[in-house]
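> give me coordinates for this.
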Amino acid sequence: MNSKLRFFLSSLGISLLVILVLFSCKKDPYEVGLDLLPPGDTLKINTTDTCTVIAYTQRVDSVYTSNCAELSLGSLADPIFGSSTISLYTQLQPSSSSVSFGTAPAVDSLILMLYYSGYYGDTTTQQRIRVYEVAEDLHIDSAYYSNRKMQVYPNLLSELTFKPSPTDSVKVGGTMYSAHIRINLSKYTNYFANKLLYGPASVYSTNAMFNLFMKGLYIETQPVNYGGAYLKFNISESLSKMILFFHNQSADSLSYSFLLNAGCARLLHIDHNNYVDADQNLKQQMVNHDTLLGRNMLYLQGFGGTRIKFRMPYIMNFAKNRKIAINDALLMFDNASTDTTLRPPPTIILIRDSSGYMGSVIDEAEGSSYFGGMYNKTTGSYYFRLTRHIQKLIDGYYSKNRELYIQVNDPTSSSLLMNRVTINGYNPLSPGAYLSRFRLQITYTLLN
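Numbering: from 1, shown residues only. Now for the predicted structure:
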C-alpha cells in the first residue's frame, strides 16, 4: 500500500470518528449515560397528571387603580359574570400659568374630550353617562382602589346617551379628528364653565392651586340591560382634554384648554353589582363559598373581579419514602368558552400566599417564556411551570404548602386588563371537558 493510500484511509477513519462523536452528542438529555449503567441502575422517568388539585373561584376584594395607565368607562351585561360598570374620577390641569380671559368674557360651551384607545365587548349597545364635579381632594401620590367612592357635588353637569364608535373619525367644524367622545359640560347649566371663566387668576398659577379650586370630574356610568362594553381612553393623546369656548368684547371665538395627562390624579370605580345576576355556579362558589363547585367550572375576571384559588393537598406525600427529581411540572387549564366578543385575557398571573403576603413563586424568575401565563390562541389554553416550586415543596424547603392564586390583574400594577375567561374545573362531569381539565402534569425521575 503506497503512502498516499494509507494517508487517505487514515484521514477517512478520523473523519468518521468525528462524525460519530458529533451525532452521539444529540441524544435526549434524559438518555445520556443510560448505556453506561447496569440495567438495574437505569433512571426511572415517569409522567403523571393525576396529582390531586383542588380549585375554586373567589371574589377579588378590589384592584389598584391609582393613576391607571388608561381611563375606562362603560357597562357590560355579561351572560356569565353578570352586570358590571366602570366609572372614573380625574383631575385636569390648566394649559398655561398666565391666564386672561379678557373684558366681559361669556361662556359659549365647555367640552370634555376623551380619545379612544380600545374597547372590550359589544359597542352596538348604547351607553349612558353622567358627569359631576368632584368635591374632595384627589392626590396623585395616594393609593386608590376600585371600591373607592369620592364625594361629588350634586349638580349634574351633563348626561349623555351614545353608541360607542371607538374606530370612527369625528367631524368637528368641517375637520375630521381621530375617534373620540365629546361631552358637553354646559348642557344643563353654565355654572361649572363660569366657575372656570371667572375664577381668580391666582388659581391658574400652578397645578396644585388649580386642583384646590377645581378638584376634578366624576364620570358615572349607568348600567346596561344587555350587551355593552368597557371603553378605554388614552390620556397621553392631545385630543384628551377639556376646552372652554368663550367670547369677550374683543373677539367672538376664543378657547382655553385644560389638560388631561399623566400628571393628573385619577382612579376608577368598578362595580360588579355583587354578582346578583351572575351564573349560578359562579355565584355559589364566590358568594356562598361552595368550594366543591370548582370541580366543574372555574372563572377568571379582570378589573377586580374574580380569581382562582388552588392547592395541592397531597403534594408533600409525592416523594414519600423515595427520592425524586422533578424534571418538569406544568399546571395546565383550558378556555371553556367559544365567545369571540368577550375575549380571554392575553396574560394572567400566579401568586403565592406567604403568611398573608402575596408574592411570586420561584419559577417566575426564569422569565415568562419559561414560567407561562400567556394565552395560546391555537390550543385555547394557559399553563404555568412550577418545577422548582414543587421540588422545594417535596424537599421540605417550605414550612407550609401554601395556597396559590391565579388572577388577571397584577395587584401592584396600574395597567388593568378587562378580559374574562371560563375554565374547565379540576374534575368536570363531561368526559370531553375532563381531557382539558384544570390539571397538574409532573415529569419526574426516581433516584432510588
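> from now on I want contacts and neighbour counts done on CA atoms only, so please keep to that.
Will do.
> where does C25 land on pLDDT?
Per-residue confidence (pLDDT) for C25: 39.
> pLDDT weak spots in the protein?
Low-confidence segments of the chain, defined by pLDDT under 70: 1-43, 354-358.
> what about the longest strand in it?
Scanning the chain for the strand with the most residues, using DSSP state E, yields strand 106-121.
> same for that strand, what does it pack against?
Taking 3 or more CA pairs under 8 Å, 6 or more residues apart in numbering; DSSP states H and E as contact, the helices and strands that strand 106-121 lies on are strand 180-184, helix 191-198, strand 227-233, strand 241-247.
> can you list contacts of the first one?
Taking CA atoms under 8 Å, 6 or more residues apart in numbering as the criterion, the residues outside strand 180-184 that touch it are 109-116, 158, 160, 165-166, 169-170, 239.
> by how many degrees do it and strand 241-247 diverge?
Inter-element angle recorded for strand 180-184 and strand 241-247: 50 degrees (by axes from the mean of the first three to the mean of the last three CA atoms, to 10 degrees).
> what angle do strand 180-184 and strand 227-233 make?
Relative orientation of strand 180-184 versus strand 227-233 (the same axes, to 10 degrees): 90 degrees.
> surely Q284 is in a strand?
No: assigned with DSSP: H, G, I helix; E, B strand; the rest coil, Q284 falls outside any strand and is helix.
> in the stretch 301-448 of the chain, which spans are strands?
Ranges of strands in the stretch 301-448 of the chain, per DSSP state E, counting those that start in this stretch, are 306-311, 324-334, 349-354, 357-359, 381-385, 404-407, 420-424, 439-446.
> beta-bridge partners for S83, please?
Per DSSP bridges, the residues bridged to S83 are A77.
> looking at it, it is touching S75, isn't it?
Yes: using CA atoms under 8 Å, S83 is in contact with S75, at 7.3 Å.
> intersection of neighbour lists for those two?
Common neighbours of S83 and S75 (CA under 8 Å, 6+ apart) are P223, V224.
> out of those two, which sits in the busier spot?
Set S83 next to S75 and count neighbours by other CA atoms under 10 Å: S75 wins out with 30 against 24.
> that one and L416, how far apart?
Remark: distance between S75 and L416 (CA to CA, to the nearest Å) = 16 Å.
> distance to I423 for the helices and strands packed on strand 106-121 - can I get that in JSON lines?
As requested, the helices and strands packed on strand 106-121 are exported to JSON lines (distance: least, CA to CA, whole Å):
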{"stretch": "strand 180-184", "distance to I423": "35"}
{"stretch": "helix 191-198", "distance to I423": "48"}
{"stretch": "strand 227-233", "distance to I423": "22"}
{"stretch": "strand 241-247", "distance to I423": "41"}
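> what about S236, how many residues nearby?
Count around S236 with other CA under 10 Å applied: 15.
> checking it next. Helix, strand or coil?
coil.
> so how many other residues sit close to the residue lying closest to K392 once chain neighbours are set aside?
Spatial nearest neighbour of K392, excluding adjacent residues (CA to CA, 6 or more residues apart in numbering): Y398 at 6.7 Å. By other CA under 10 Å, 12 other residues sit near Y398.
> in the stretch 51-200 of the chain, which spans are strands?
54-59, 71-78, 82-90, 93-94, 106-121, 127-133, 158-162, 170-172, 175-177, 180-184.
> select, out of these, the one closest to N317.
Across those, N317 has its closest neighbour in strand 54-59 (15.7 Å, CA to CA).
> ok, and for the closest one, which residues are buried?
Buried residues in strand 54-59, counted by 16 or more other CA atoms under 10 Å: I54, A55, Y56, T57, Q58, R59.
> rebuild the residues you listed as a markdown table, extending it with distance to R295.
Formatted as a markdown table, those follow (distance: CA to CA, whole Å):
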| residue | distance to R295 |
| --- | --- |
| I54 | 8 |
| A55 | 7 |
| Y56 | 8 |
| T57 | 10 |
| Q58 | 14 |
| R59 | 17 |
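> how far off centre is stretch 80-91?
Chain-centre distance of stretch 80-91: 14 Å, with CA atoms, centre = their mean, to the nearest Å.
> can I see the domain layout of this structure?
Domain segmentation of the chain under automatic domain parsing yields 47-60+276-446, 71-264.
> distance between the shortest one and the chain's centre?
Centroid separation between domain 47-60+276-446 and its chain, computed with CA atoms, centre = their mean, is 16 Å.
> begin at 46 from now on, thanks
I'll keep to 46 as the first residue from here, and by that count the last item is domain 92-105+321-491.
> measure that domain end to end?
11 Å.
> pretty sure R388 contacts R465?
Yes: in this structure, R388 is within contact of R465 by CA under 8 Å, at 6.8 Å.
> neighbour count for these two, which is higher?
A direct count of neighbours by other CA under 10 Å for R388 and R465 places R465 higher, at 22 against 15.
> quick one, what contacts the more buried one?
Y344, L345, Q346, G347, L387, R388, P389, P390, V453.
> how about a cut-off of 7 Å?
Counting by CA atoms under 7 Å, 6 or more residues apart in numbering, R465 makes contact with L345, Q346, G347, R388, P389, P390.
> any figure for the gap between the fourth one and Q346?
According to CA to CA, R388 stands 11 Å off from Q346.
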